[in-house]
Every structure is written in structure tokens, then in C-alpha cells.
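1. Give the three-dimensional model of this entry:
(2 chains)
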Amino acid sequence: MQHIVDEMHQLQARRRFLTTTGMGLGTTVMSSLTSATATAAGPSLPSGIDHVIFLFMAGAPSQLDLFDPKPQLAKMFKQPLPESVSNGQRVTAMTRGATQLIAPSMFRFSPQGESGLEMCELLPHLSKKADDLCVIRSMNTNAINHDPAKTFFCTGAEIPGKPSMGAWLSYGLGSMNRDLPDFVVLTSAFWTGGTRNVQALYSRLWGSGFLPSRHQGAAFQVAGDPVLYLSNPAGVDRDVRRRMLDAMQRMNQQHLQEVGDPEIRTTIAQQEMAFRMQASVPELTEIADEPQHVFDLYGSEVQKPGSYARNCLLARRMVERGVRFVQLFHRGWDHHNILPQQLRGQCFDVDQPSAALIEDLRQRGLLDRTMIVFAGEFGRTVYGQGKLERDDYGRDHHPRCFSAWAAGGGVRGGMSYGQTDDFSYNVAENPVAVRDLHATMLHQLGVDHRRLTFPFQGLDQRLTGVEEARVVHQILS
Amino acid sequence: MLSWIRVTLVLLLASVSLAEDKVDFNRDVRPLLSGHCFQCHGPDEQERQGELRLDQFDGAQGAQGAIVPGAIDQSELWTRINATDDRQMPPADSDVPPLTSDQKDVLKRWIEQGGRYAEFWSFVPPQSAATEPVSDARWNQSRIDQLVYQRLREQGMQPSVEADRRTLIRRLSLDLTGLPPTRTEIRSFLDDDSDQAYERVVDRLLNSPHYGEHMARYWLDLVRFADTNGIHHDHLRDFSPYRAWVIRAFNDNLPWSEFAQYQLAGDLYEDASRDQQIASGFNRLHLIIDRGTALPEESYTRNVIDRVTAVGTAFLGLTVQCAVCHDHKYDPITARDFYRLFAFFNNFDGEPETGGRQGSDFRRGLQPPYIRLDTAEQAQELQQLDTQLSALDQQLKALREDVRKAAGDAKSLKQDQLRKVESERAEVSTKRTALDDSIPAAMVMRERAERRPAWILKRGQYDQPGEEVLPGTPGFLPSLPREEDSVQTRMDFAKWVVDRGNPLTARVAVNRFWQQLFGVGIVRTSEDFGSQGEWPSHPELLDELAVSFMESGWDVRQLMKSLVMSQTYRQSSAVSAEQYAADPENRMLSRGSRYRLDAEVIRDQILASSGLLNRELYGRSVRPPQPAGLWETVIMPSSYPKTYAADEGRAILRRSLYTFWKRGMPPPQMTILNAPTRESCIARRERTNTPLQALLLLNEPEYLRAARHLSAGLLKEGSDSDDARLSILYETITAREPNERTLTVLRDSLSDLRKIYSADRELTEQLCAGVDLPDQTARVELAAWTMTASAIYNLDLTRNRE
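-> Numbering: from 1, shown residues only, chains lettered A, B, ... in the order given. Take a look at the predicted model:
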């Protein structure tokens, strides 16, 4: 137990170090911190929440149809978007040169909860959680295409090669548990909104970039081993493995005595951790021990491995076990056409489980320590793409404004923040750049985004990049 | 507790304490100014505050305004860094860390000693160092050793003894070929009593075809070589001929100057050879988006920036890309410099995005311009088919005319003839397409006839052109004499890169080769020789190596030989606790370096030592088995290829540098062990030690299969005593002999494993599935030996280069 307390102190000191001094941790220093530094059962930290669950909606959901109501547009169906609004902004190669005709949302919004937050009819479960949600309507980004925009959201830069959000957190805050990775990625294996126009993911979205690779996200697999190479191969059982590890440990110890390289000690420790993970990971992903009322909360889809609902439940189990950052990827939001039909399917996937996740965390006393963020890489255009009917339309990519929501982890519920113009085309008030959201997340975790740095290519690199980022205090309680 | 903070402080102090006597501007002062002042008082005009730049002394805004040489009290800089009010520098509310008292002391002594600026070390051409004989005769054989020895003595340190022969041959084999020595090779080295024994091993390895493969692998990281386009759909993109060329270039010992020049401008030679053209494919290795969503003009600009970035990292060791949006904050690279470099690479004659989804090019992962790499026979055959086709076309033309003119029976006769010839033509045409498809092709660089103008792009935006610029080399580096009035070409640039007067190219190259053999470069930041990079641990040695490298005619093999022949290289890597604490990374080279092998070497070592390795050279990328479903989590429905279909047979046993590399999801056997994704240029890999690595090496089914293959062979032949077999097994995998303690552990383990497997028939059968064995006893034997082999493969010493 004593070592856990010591390690806890170390972790606290590290957090203080990051918040009070201007120094990033060099690789030499970090590589000496080889094992887990505290358990979830340890004392809570002096400041800051402990976890983030990031629900990433790859493909970019339409803010106009889900979070940013513009009822007055109904009267402007098929009218050209005024040029004073679009102002010659660039468009994608897909709609370049096409006339920009307004496609009003066909979905109804209504005030919900005590706060009266306007919620969309496609999100009945989340509507019941309106008082927990902070909808940010003034998100904006630069890139107009999926790949750079996703890379930007997940790593703070459009050009590949930078560490991802979770990698930065793992690097800066260290581990809270001895048997699991700091950063886990869960991708949905299927989605209901249709499979045409599904956008690719890239392992760089959860990569460690120039940070040591042990900070990279561990992408759990739906089929086979949840963690790559977790299972013993055929013909090897736990007895054999234990016997083999014992022999290895003795030989490694002998060699350590001969050559003196302390890195050998790390190898021994990591082989033992691997052995423990062979037990702890299946314990984590095996959900049979959950009571029925929890299954009911997430809905019937939770029974299907690889579903968004299952991944939400797994995210909660991970947070419970001290995983610091869990990122879900749900694809299928790139609705260039037949948007209403596809959007219904996507909302079926995410509405109930997202609401359940909030509730489940609250019931376990984890919501205050866990920030949930729901966002795609950009928004969608007010003008239609393809067929344009009242109840059948599509929308192109739109980086100038989009919506995200956050809940828990010290975020104020029952509010919206920021405003767009009458067409949800430009941000009209209180813009929130992606880096601002990053800075706010880090702030909640007790880390000053300007101090979380790593020297690479001659710069003290940071998640929020070189441009000024601000913590959005207005959304925090 | 908190020991890591102390470590940090020790590291910081270490760099300062070197400067006890005379302050060296480049070594001691520039890093401080760069880290604490340049952000606002550096080369970047737009960010500059208070009309003061501290990166140079002269000039209206130069440091002369803040520093009075020799007079600390009159120096504003000194006043400001000691202020505690709002005049304090760096400002308390900035992101910049404050200066420590030791750092201030360095600045104080520097000003007192005259406050002299020096040109940045790496921007001045290297000079050969004067060396003096050292007291230890063994360390007097080469200038490398003399310089290392001198430095050690300066630090009050001693070199280590030479490593034993087993360690040396394993080290040499892994370092020069990426493959372990065989037992026969070990035996012949041990038995060779001559003075040339070591050199003989070195020469044998340097002349092995696997040397080129191993050297190529490092280069492939640097140029982000991969098999997919890396953005959006992440489609197939086949550069395998380029990889083959790199391997051949090292094996043929192509001078480094030409290695560089071919890649930068191979297409611009008069009558460029096939190799020169293939090499120019370097300019095509950048990430490239496939057509459909992005704006082509933007994609074009992105590609050029990526290309120039690669040139900066791979050849010059400069982070030129920092000047895409603004003047570099730390190095004297202006945005103008960047876009003048950009202008050299801005004239690509081809599409900025990869092609549509139809056609043979798409299927083959090709995009024009490319050259066909046909053999003489294939060329001849193609020509024959072409001749045949044009003859048939003539016939068809005539027949059609006949049909048009003829009537009645004659007409239908002619129509029959026409149909026959048409089908014959279709057949020949199909044959030609098939032949054409089977011929490898190499994507190459090609210039447009008319030069595409280049501008300084404001904030790096493709649609915000500013002032137009002509191609040119950066202003802060020595320029080349050139003919007046002619616009410089990419070939001029290539010549400038490998000119003897270029201060960077040779230093950057030798530093990387050094890093390859010693684990850490003389300049640790091998990708950055600018002012934010690290000061070299042995500046004279680096210069000595760079100069002799150039003087040798850029002879890479000779350089590698001189490095591995050195006493410095041959030291034992054993370390005491005190030695380790004093220099954990072995920067002073008082011992041999010990570090974890790269992913590819670990896998290749398993394949080679188990006897499974397929040693075939070159060719298309191959797909060894990987866990199912990995690609499915990332691909798009129309990505090509879409599923990972593992190869079978000997193909999966090829060296790892031939493994198919999808940038969106590279092979996990590689990335788990720190291989980069090949999305950006990487000059050095991280080396971590994680539980996921332990899981990979313990559980990868192919690795276990290799252990079983090795054990099956062991049981079939040779000695039948356990001890003898254990010794052979241990030596095959580690190149060492087990000592008595190790043998005891292995014996105990083997006997326990026999018991476990004897008691579990099913488990034993699972492990032995697919191997033809007479009975259960034989299966238990194989199982117990397989797991013993696997344990040895997983030892720390096996995963490490010692």
C-alpha cells in the first residue's frame, strides 16, 4: 500500500508541476515513470476531474437538424442563400459552382427540462437530460474536408504527426490504474444511418505522434481480442504462461546483475503487467455481471458487441476502473443526401445510450469527475445538396459553425452557449474554436493547456497549438 | 519520491556546468536566448516586440541595443532578466519559463567575457579537427577514438573494456544487416585467431545483400515510404520499385552525394537512367488525397509543402516547414526562404490528387507520370504485340471499307472476315493489357514545360498569394555561384545540397549513421540541426566525420566500416549503477550502447534464427497474417484495398521491410514496437517498453509458430541430451552460451512444462496442431521445447542490442 501512496504523491506533484511551472516533461523523465502511478481506489486529486469520455461523431452531424434550431428558415425553403451571408466562402469540390438553395430542417425543436433548452425531436432520451447538457452552438474549425478536420479535432493539427488528445492526457497526467491503459478507443462496428458515404478513420486519430508510444490509445477490437494479442495462443494456458514468465523473470534478473541496465527491470514489470491485463481486460469487457436495470437504461442494442450502446457501457466500466480518457468513434454522419432518413438511424444509435451514460455515471457518483463531450469534426451547410424537398435533402460540409455538447465534469447543464447567424452559417456570438474546447477540457482536468508541452522539432509543442486558445469559463459551473 | 524532478534539474545543470570556464555562445548562450527570448525577440519580424532582436548583435534592432560587451551594469538585458516588476523578462504572465539563477549566471559571464555572437555552428561548414595522441594505445588507432577518449578524460571518465566476441558478432550482424549471426558464423569468428578476424566479419557483413535492406529501412522511415496514399480513402499506392532502388543503392555503395542528387533531381539528368528516374520518385512519396472532395489547388499546395518538408528533414536536418505561415521563430529561416525552396519543387507535371476508381493505373496503385520497368524481353514482346495490333488495325480499316462498298454475298463474306479480325484484335489487345499490367512501374518526378510561378503564401494559405518569388536557397546558408540571369532549377538545388560548401548535408547524414550504430546521435535531435535542436555531444567528432565522409567521395560503406571498426563501438555495454546514474543515455560513450531492437529487427531475428526467413530481395509488398478486423475499423466502403487478405506460403516469411504498409492502419507488429505510421518524416524512433509490447511478443501466433519450427528441428537432429539441446537453442536465439545458472532455470522450466503438457492432452494437441508426430510423448516434447524457445525469444537480452 505504501508504494501506492508514494506514487499518488508523485502524480499530484506532477500535476502541480504542470500547472505551476513552465516545463513540459522530457522523455528522459517520463521514461523513468514506467509503471502505473496510482489506483482508482487512491485518494482523489486536489483539483480537477479525472476522466473524459469523448463521443466522436465521425462524418459531421448536421447542427441545423439536431442542435441549432432555425425555425424561421421554414419560410425560405429553396430560396437562395444571400451572398451577404456566404460572403464568397470556399466550398468543397462537390458543391462548387452549384446554386446555394436553403434547406430548412424538417425536424421540430421544443424547450425541455427546467432550463427550457431547445431540443430536437430526434433526441427524446437526451431531451430528458436537457438540464445536464451544455450545447455549444458556436464551434468552428478550418478544414472543410473530413480527413484534415478529424485529424485537427483529434490532434490539434491538420497535418498528421501530432499526438492525440488522449495521448496528451496520458503523458501529462499519468495513469490511474495498474492494469489497464490510460487511453482507450472504442469504434462502433456498425451504425444505422446507412453505409454509403462512410468516412475513414486513421489510427493517427488516437496515435501518440511524437510522444512516447505508450501514450497512444489502445483501440479495443470488437472481434477477437479486445486488446491486440491479449489472448494466449492456442496450446498455451495460464499455467504454462505463468511457468514461462517465472523462468523468464529469473533469467532477466540474472542478466540484470551481469549488465546492470535498469531497463531490464522495466521489461520484467511490463511482462507482469501484460499477465495481469490478460485477466483484467476480459473482466472489463465481459458485461454479464451488469444488472438488468442497467441494460434497460442503455437499450436493447447494448446486447450487440460493437454497438455504440455497448461501447457507452464499456466506457462507464473503464472510467470506473480508472481509465483516464475513453474515446468513442461512431461513423455514418456524412449526410450529403437523404439526410432525414439517415439522421433518424444515427439518432436511434446514439440518443438513448448517450443519455444512459450520463445517468449511469451520475448514479455511481462518477458524473462530477467525468466530462462527456459529443462532437463531430465540423457542421453541415444550410443550403441543400442533391435532391431538395421539404422532407428529403442533403447537406455539404460546413466548418464555419457547428454544435457540440458537453455534460458532467463540472460543465454547467441546461444551457446553450454561443450563437450563429439566422442561417447557422457564421458564428454570431462567442465563438468556440476546437482548441478552446481542448483548453477547457484540460482545464477541467486540472491542467493549464499552455503548460502541457513536449519539445519536438524545435518547438514546445502543445495540443492547443501556437494560436491563442481560451478556456470557456462561461460553460463551467 | 519526486526523484524525477531532481533528474530534470540534474539534466539542466549538466548542460550549464560544462561551461564553467569559458562561455561558448553556440553551446551555452544561444539555447538560453532561443528558449527564453526568441519567441518575441527573434528572427520572426511579425512577432517581434520592442523592436529588439536578440538572435543577432548588429543591425538597428540587434542585441547591441540591449547588451554592452563587458559591462554588465549597462546591459539592459541583464537588468530586465533580473527585474521583479513589470519590466521583468521573460514577462511573468507569458508562456515562457523564467530563467534560473544558473542560466542567468551564464548570460552574465557571457556579457562579461565580451558578449560575442558566433554564427550558428551548423550553418558554418565543418572543419577537420586537430587530434592529439592519447595515452591508451588501443584508443590511438583512429581519430574517432582519439576524440571520444579526449572527451571522456575531460569528463574524468574511463572507457570500458572491449565486449566479448559473441556480443560483438551479434552486435555487428544486427547493426549492419538487421539479422542475427548463425551458429556457424559465430563458430568461425571464435575460431579465427588472426588479427583480422573482426575486420573479416565486418567486411562480410558490409558485403551482404542484407546490408542494403537494413540500411534502406532507416531511409524509408525518413521519407515516409508506404503502400497507400494516406488521406481520405487511403488507396493503394505502389512505390516498391523505389524501395528496391534504395536497397540496391546501398548495396552498390552509391556515393551519398549521388544518392541525394538522384532523389532530388534524378529526372533532370540528361538522358536520365532508369535508376535516376526511379529515385526521383522521392518527390512523390508525400501524402496525397484522392480526387473528389478537396480543392485541387489546395491539394497541390499541400503536396509541395509536404515535399519541401521532407527535403528539409531528410537532407538538411532543418524544420523548414515552420516557416510555411511565418518567419521561423528560432532559426533564421524566413517565409521567403521557405517559398524560394518551395519554388524548386513547385513544377510537378501531374495531377495533385490521385485518380478515379477505374482503370489499370488505379488497380496497380499508380498515378502518372510513371515509367515502365520492363525487361528487354517484355519490351520486345510489347513491341511485337503493338506491331501486330497496328497490322490488325490496317486490316480492319480495309475490311470496313470493303464491307461498306460490297453488296450481297460478298458483303456478308466480308462481314464474317471483319468479325474474325475484330475478335483476333480483341484477343491481342487483352494479351497486351495483361502483359502491360504485369510489368512493374515506378512513379517519378517530372517538370512542366512552363514554370509554375510561386508566391509567398500569406499564413500558408494556398489562396492567399503575396509577393512572387523565384527558386533559391535559404539566405542564411552559403550560396552557390550561379550564372546570372538564369532561373535556378531543381538540379541546381540538388547540386547545392551535396556541394562541399553545404554545412548541413554531410553532418546530418553522418549523425544519422552514428545514431543507427550507437542508439543516439552525436546531435540527439537528428531531425533538427537548427537552434532549437540539441548541441552535439562531440562537436569535433561530428565535424571530423562529416569532412572525412565528403573527402572519401561520400562513401557510405567506408564510413560505416570506420565507425564499427572503432574501439568506441567495440566497448562492452555492461554498466555499473554509478556509471549509469552519471550518464544514463551513454552520451559520453564510456561504454557500448544497449537498446531495444527495432520492430523489424525483432521480427526478422525470430524468422532468421528459427530458420523460416525467406531471404528473397525486392518486389511488391507482402502481407503476413495480422489480427482480423483491423482495417475494417478504419476503411471506407470504397477504399482499395478494403480488406487485409494475408498472403500464404513463403511470402509471409519475408523480411519486415517488405510488409504492406497502410498508413491509416500500419501493421500492429510494427507500430506496437514504435515504428512510425509513415505519415510524416521520422529521423529517429522512440523506444518505449510497454505491456502491449510484452503481449505482442508473447502471443503473436506467427512468432510462436517460429519457436515451434525451431524446436521441431532441434528435436529431429543432433544431440539428444537436454543440456546440449538447451545450449544449442539458447545460442541459436541469443548468440550466447547459457551459463550454469541459466541452464538450471531452463532445465527446471522444461521439466515443469513437460509435466503441464503431459497432464493436458488437449492443450498439447492444440499447440502441436498441423505437425506430424508419432505419439503423445513426442507432442509433449515439442510443446515443452516450443514454450522454452518462446521464453528465450522473450528475454530482455534477445530484444536488445547489447
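2. Next one: the residue in chain B that chain A sits nearest to, what pLDDT does it get?
-> Chain B approaches chain A most closely through B:L767 (2.5 Å), counting by Cβ to the nearest Cβ. Quick note: C-beta positions are derived from backbone N, CA and C, even for glycine. Looking at B:L767, its pLDDT is 97.
3. wait, what's in contact with the closest residue to it other than its chain neighbours?
-> With sequence-adjacent residues excluded and distances taken as Cβ to Cβ, 6 or more residues apart in numbering or on different chains, B:L767 is closest to A:G235, at 2.5 Å. A:G235 is in contact with B:763-769, B:783, counting by Cβ atoms under 8 Å, 6 or more residues apart in numbering or on different chains.
4. Could you rerun that using 7 Å?
-> Residues in contact with A:G235 (Cβ atoms under 7 Å, 6 or more residues apart in numbering or on different chains) are B:763, B:766-767, B:783.
5. per-residue confidence for residue 36?
-> If you meant another chain, say so; for now it's chain A. The predicted local confidence for A:A36 is 31.
6. please go with chain B instead
-> The model's pLDDT for B:H36 equals 88.
7. which intervals of chain A have sub-threshold pLDDT?
-> Applying pLDDT under 70 to chain A picks out residues A:1-47, A:194-197, A:213, A:458.
8. Tell me how far the residue of it found nearest chain B lies from A:W206.
-> Per Cβ to the nearest Cβ, A:G235 is where chain A lies closest to chain B, at 2.5 Å. In this view, A:G235 and A:W206 are 32 Å apart by Cβ to Cβ, to the nearest Å.
9. Bridged to A:H397, which residues?
-> Counting by DSSP bridges, A:H397 forms beta bridges with A:R380.
10. ok, now which ones touch it?
-> A:H397 neighbours (Cβ under 7 Å, 6+ apart): A:60, A:92, A:144-145, A:378, A:380.
11. Which of those residues fall within strands?
-> A:R380 (DSSP state E).
12. and the two most separated of the contacts of A:H397?
-> A:N145 and A:R380 (13.3 Å; Cβ to Cβ).
13. Next, count neighbours for the nearest residue to B:L617 once chain neighbours are set aside.
-> Leaving aside its sequence neighbours, B:L617 sits nearest to B:P209 (Cβ to Cβ, 6+ apart; 5.9 Å). As a burial measure, B:P209 scores 14 neighbours (other Cβ atoms under 10 Å in any protein chain shown).
14. Quick check, B:P209 in contact with B:R615.
-> No - B:P209 is beyond contact range of B:R615, at 8.2 Å (criterion: Cβ atoms under 7 Å).
15. Just list the residues touching the residue of chain B closest to chain A, thanks.
-> By Cβ under 7 Å, 6+ apart, the neighbours of B:L767 are A:234-236, B:783, B:786.
16. Now that we have these, which of them are buried?
-> A:235-236, B:783, B:786 (16 or more other Cβ atoms under 10 Å in any protein chain shown).
17. just so I have it, where are all the helices in the stretch 51-200 of chain B?
-> Applying DSSP state H, counting those that start in this stretch to the stretch 51-200 of chain B gives helices spanning B:76-82, B:101-112, B:143-154, B:165-177, B:183-191, B:197-206.
18. Report the inter-axis angle for the longest one versus helix B:183-191.
-> This means helix B:165-177. For helix B:165-177 against helix B:183-191, the angle by axes from the mean of the first three to the mean of the last three Cα atoms, to 10 degrees is 120 degrees.
19. Helix B:165-177 close to chain A?
-> No - residues of helix B:165-177 contacting chain A under Cβ under 7 Å from any Cβ of the partner chain: none, with a closest distance of 9.8 Å.
20. now the angle from that helix to helix B:197-206?
-> Following the same axes, to 10 degrees, one obtains 30 degrees for the angle between helix B:165-177 and helix B:197-206.
21. Quick one: list the elements packing against helix B:165-177.
-> In this structure, helix B:165-177 packs against helix B:183-191, helix B:197-206, helix B:209-222, helix B:556-565, strand B:800-801, with contacts taken as 3 or more Cβ pairs under 7 Å, 6 or more residues apart in numbering or on different chains; DSSP states H and E.
22. CSV for those, including mean pLDDT?
-> Below are these laid out as CSV (pLDDT from 0 to 100):
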stretch, mean pLDDT
helix B:183-191, 98
helix B:197-206, 98
helix B:209-222, 98
helix B:556-565, 98
strand B:800-801, 98
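23. And these: which comes nearest A:T464?
-> Closest among the helices and strands packed on helix B:165-177, once you apply Cβ to Cβ, is helix B:209-222, at 28.1 Å.
24. What are the buried residues along the closest one?
-> Neighbour-count burial for helix B:209-222 flags B:210-222 (criterion: 16+ other Cβ under 10 Å).
25. now for these, which pair is the farthest apart?
-> B:H210 and B:L222 (19.6 Å).
26. Can you list the low-confidence ranges for chain B?
-> Using pLDDT under 70, the flagged stretches of chain B are B:1-21, B:481-485, B:718.
27. what helix or strand is B:A546 on?
-> helix B:539-551 (DSSP states H and E).
28. Out of the contacts of B:L767, name the ones that lie in helices.
-> Applying DSSP state H to those, the entries found in helices are B:783, B:786.
29. what's the closest of the contacts of B:L767 to B:R404?
-> Looking across these and measuring by Cβ to Cβ, the closest to B:R404 is A:A234, at 71.7 Å.
30. Relative to B:R654, how far out is the nearest residue to B:I682 once chain neighbours are set aside?
-> Excluding the flanking residues, the one nearest B:I682 by Cβ to Cβ, 6+ apart is B:P676, at 4.2 Å. Here the criterion is Cβ to Cβ. By it, B:P676 lies 21 Å from B:R654.
31. same check, this time on B:E427
-> With Cβ to Cβ as the criterion, B:E427 and B:R654 are 36 Å apart.
32. the more surrounded of these two?
-> The residue with more neighbours, out of B:E427 and B:R654, is B:R654; 21 against 11, by other Cβ under 10 Å.
33. Report the buried members of the contacts of A:H397.
-> For these, a burial check counting by 16+ other Cβ under 10 Å picks out A:60, A:92, A:144-145, A:378, A:380.
34. In a markdown table, list those residues along with distance to A:G446.
-> Below are these laid out as a markdown table (distance: Cβ to Cβ, whole Å):
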| residue | distance to A:G446 |
| --- | --- |
| A:A60 | 31 |
| A:T92 | 39 |
| A:I144 | 35 |
| A:N145 | 35 |
| A:F378 | 29 |
| A:R380 | 35 |
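35. Quick check: the farthest pair among the contacts of A:G235?
-> Using Cβ to Cβ, the two most remote members of the contacts of A:G235 are B:Q766 and B:A783, lying 9.0 Å apart.
36. Would you mind listing what in the stretch 451-600 of chain B touches chain A?
-> B:527-528, B:530, B:532-533, B:573-577, B:580, B:594.
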